[in-house]
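> here is the input, now give the coordinates:
(one chain, ligands or ions: 2)
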Amino acid sequence: MPSTSFGVPEKYKYQNGFGSYHESEAVDGALPVGANSPQKPAYGLYAEKLSGTSFTAPRHENQQTWLYRILPAAAHSPFEPRESSTYDTNPDRKKLHQIPNQLRWDPFDLDESVDWVHSLHLVAGAGDPTMKQGIGMFIFAAGRPMDPHSAFYSADGDFLIVLQHGVLDIRTELGHILVRPNEICVIPRGIRYNVSLPHGPVRGYILELYQGHFQLPELGPIGSNGLANARDFQAPVASFDEDTSSSYEVLSKFNGHLFAATQNHTPFDVVAWHGLYYPYKYDLGRFSTIGSISFDHPDPSIFTVLTAPSDHPGTAVADFVVFTPRWLVQEDTFRPPWYHRNTMSEFMGLIHGQYDAKTGGGFQAAGASLHNVMSAHGPDSSTHGKASNAELKPMKVGEGSMAFMFESCLMVGVTEWGLRTCKKVQDDYNAESWEPLKPRFRRPEKGGERKMHLLSNGNGAAWGTS
Ligand SMILES: O=C(O)Cc1cc(O)ccc1O
Ligand SMILES: [Fe+2]
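Ligands and ions are numbered 1, 2, ... in the order given. Predicted structure coming up:
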């Protein structure tokens, strides 16, 4: 296999940029010039359009891609239902338990017996893919490559894949993506792909977005750079096979159910493509983290990598937020997150290391937690004890660690699998985390003890205290 100068195989070349118009041809001249659908596309290819938004979506949201392929995707037998009694990603509302409890899961097991398609477990979600509304949160754990003569797609939404263990070799219609530790990958609705596992078992989390697409958050006063920079997102280059004589299976996740169709040609026959609708990956190590350099703990929205907005500005159906290694330098500040109850729901996972708000040991890599709408939470008792007495010198937290959050404006329900079948829910979460907190209130002996922080002249306080 040809290699680049860095030893990375040629097939894993990428084009850089988020939301960028990209074009790629594996054979010179395969992309038509100045037109999308010529009467006879070059080399006898078929032109096929793949739309990720309605045709008439506003220009800044519009995402369409033109594919030039050996045979159109439509050339297959009718889809048949598959494994309907066992395939368990169906997000039917009746199966979701909406409960106010704080939930935490022990690390999910690796499962070497299944491939990618059968590795998907819906843990929690809200909404309904048939209405193109809401989200699904999945755990995946697989140990077998997909049959190389198969391709999978989800008609339900975009997959944001957060890899926790192993390496994913994803062959998509638009080219290859190698997802390595600490990387995430987005595969938009409808794109067909095959997952093989070059380094053995894999495990991780998926946020499926039933509505819209992910975008970079606004930067506001931060300015034009910072957080996830557009240039660090990588899309594949065109790469194709020519097999038109053996049998392939196309698997579809359609409203959470599995369907299969057969065809006598490879689904990976796209010789060239151009457009705005494509899969991409991002290395979380490239996230340029921003924080307070004076006092107080800022909202975690400053850690947003990608956001999927609702119709209401500033309110996300899903934010993907990362807690990266970072310096904390705030003066006179309780540095971990404050105790809080939020209108948004928060599903958290840990890729590796230790999350600085939960040092009690119960939140582990490959585990998860859910703090639903208005469910009270915050640092566990051990973290509170340490942080309220810590010497406030500059301190690096999260070294070697990567925690993340799927935050949503929607109330999230937990599936039967998430609540019971997986057998990972911790029954001592509250008892270990917050119930041990002791009252610390004491009445002032005389006068007040109102303090102003170091940077203020204190005038405001002086009027109100003795
Ligand atoms: O609950 C959590 O650990 C996530 C979180 C982190 C933070 O810094 C502020 C608020 C918040 O919900
Ligand atoms: Fe929180």
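
> helices of the stretch 301-450 of the chain, residue ranges please.
With helices called from DSSP state H, counting those that start in this stretch, the stretch 301-450 of the chain shows them at 381-389, 416, 429-433.

> now those in JSON lines, with mean neighbour count and distance to A230?
For glycine as for every other residue, the C-beta is placed from the backbone atoms N, C-alpha and C. Conversion of the helices of the stretch 301-450 of the chain to JSON lines gives the following (neighbours: other C-beta atoms under 10 Å; distance: least, C-beta to C-beta, whole Å):
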{"stretch": "helix 381-389", "mean neighbour count": "16", "distance to A230": "35"}
{"stretch": "helix 416", "mean neighbour count": "13", "distance to A230": "40"}
{"stretch": "helix 429-433", "mean neighbour count": "18", "distance to A230": "38"}
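
> Throw those into TSV and include mean pLDDT and distance to ligand 1, thanks.
Output for the helices of the stretch 301-450 of the chain, formatted as TSV (pLDDT from 0 to 100; distance: least, C-beta to the nearest ligand atom, whole Å):
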stretch	mean pLDDT	distance to ligand 1
helix 381-389	94	10
helix 416	94	25
helix 429-433	95	11
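
> output the set of residues of the stretch 351-466 of the chain in proximity to ligand 1.
Within the stretch 351-466 of the chain, the positions near ligand 1 by C-beta under 6 Å from any ligand atom are A357, H371, H377, M405.

> for the chain, same thing?
Residues of the chain lying near ligand 1 (C-beta under 6 Å from any ligand atom): P300, P337, H340, E346, A357, H371, H377, M405.

> let's see 5 Å
Within the chain, the positions near ligand 1 by C-beta under 5 Å from any ligand atom are P300, P337, A357.

> looking at those residues, state which has the most neighbours.
A357 (22 neighbours; other C-beta atoms under 10 Å).

> picking that back up, which of the residues of the chain next to ligand 1 lies closest to R443?
P337 (28.0 Å; C-beta to C-beta).

> in contact with that closest one: list those residues for me.
For P337, the contacting residues are H297, P300, A357, G378, P379, by C-beta atoms under 8 Å, 6 or more residues apart in numbering.

> what's the most distant pair in these?
Every pair of these checked by C-beta to C-beta; the farthest is P300 and P379, at 13.3 Å.

> ok and the residue in the stretch 1-150 of the chain nearest ligand 1?
Residue of the stretch 1-150 of the chain nearest ligand 1, by C-beta to the nearest ligand atom: Q102 (9.9 Å).

> ok, and what's touching stretch 194-205?
108, 110-112, 115-116, 119, 137-146, 148, 150-152, 161-171, 268, 349, 351, 366, 368, 404, 406.

> show me which of those are buried.
Buried subset of these (neighbour count, 16 or more other C-beta atoms under 10 Å): 108, 110-111, 115-116, 119, 137-144, 146, 150-152, 161-171, 268, 349, 351, 366, 368, 404, 406.

> can you show me the strands along the stretch 351-466 of the chain?
Applying DSSP state E, counting those that start in this stretch to the stretch 351-466 of the chain gives strands spanning 368-371, 395-397, 402-408, 413-414.

> would you mind giving those as TSV with mean pLDDT added?
Output for the strands of the stretch 351-466 of the chain, formatted as TSV (pLDDT from 0 to 100):
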stretch	mean pLDDT
strand 368-371	98
strand 395-397	95
strand 402-408	98
strand 413-414	97
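
> quick check: closest non-adjacent residue to the residue nearest in space to the middle of the chain.
Centroid-nearest residue in the chain: L160, 3.7 Å away (criterion: C-alpha atoms, centre = their mean). If the residues on either side of it in the chain are set aside, L160 comes closest to L207, at 4.4 Å by C-beta to C-beta, 6 or more residues apart in numbering.

> so what's the one you found up against?
Contacts of L207 by C-beta under 8 Å, 6+ apart are I135, G136, M137, F138, F159, L160, V162, A318, F320, F406.

> quick one, grab the pLDDT at it.
L207 is assigned 98 on the pLDDT scale.

> quick one: it is in a strand?
Yes. Using DSSP: H, G, I helix; E, B strand; the rest coil, the assignment for L207 is a strand.

> against ligand 1, how distant is it?
16 Å (C-beta to the nearest ligand atom, to the nearest Å).

> show me the beta-bridge partners of that residue.
Listed beta-bridge partners, L207: M137, L160 (assigned using DSSP bridges).
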